[in-house]
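Colleague: let me see the structure of the following:
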Amino acid sequence: MTTLRIRIAEGGPPPYEQLRDRLRAQIERGRLLPGDRVPPVREMAGQLDLAPNTVARAYGALVEDGWLEGRGRAGTFVTERPPISAADGTSALAEAARRYVRRAAQLGFDREAAIRALRRA
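Modeller: Numbering: from 1, shown residues only. Sure, this is the predicted structure:
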């Protein structure tokens, strides 16, 4: 399970909206990846000092929108193919490419090796 750094501001939008938006942003930025498990409702509620129903409402909205999926007792996970609108699809792809190249470099591969691996995939 990935460690999440989320803060809920007092006096802003309703807490469930803030949590929903922050989780979605973490998925869009690649901090939460497909298949990552999010903390159980009660654990997240305890971390953020929120009511469990507030967290459940945020998770439910993200499930409904296709960002998360519930797997029963196994927990709640980022979907394998999170939704991307046509408007931000290009920028999301560019960001994914940048992350891929950075990761390849961390593993000791140059750009050409990364491109060859991508073509094989």
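
Colleague: if I look at Trp67, how far off is Ala117?
Modeller: Per CB to CB, to the nearest Å, Trp67 is found 28 Å from Ala117. Glycine gets a C-beta too; all of them are placed from N, C-alpha and C.

Colleague: which one of the two has more residues nearby?
Modeller: Trp67 (21 against 12; other CB atoms under 10 Å).

Colleague: domains of the chain?
Modeller: 15-78, 86-120 (automatic domain parsing).

Colleague: out of the ones you listed, which gets nearest to Arg5?
Modeller: Proximity to Arg5 (CB to CB) singles out domain 15-78 among those, at 8.7 Å.

Colleague: that closest one: end-to-end distance?
Modeller: End-to-end distance for domain 15-78, by CA to CA, to the nearest Å: 20 Å.

Colleague: all strands of this structure, in order?
Modeller: For the chain, the strands defined by DSSP state E cover 37-38, 68-70, 76-78.

Colleague: could you save those strands as CSV and add columns showing mean neighbour count, mean pLDDT and distance to Asn53?
Modeller: Listed next are the strands of the chain as CSV, based on neighbours: other CB atoms under 10 Å; pLDDT from 0 to 100; distance: least, CB to CB, whole Å:
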stretch, mean neighbour count, mean pLDDT, distance to Asn53
strand 37-38, 20, 96, 16
strand 68-70, 17, 95, 16
strand 76-78, 20, 96, 15
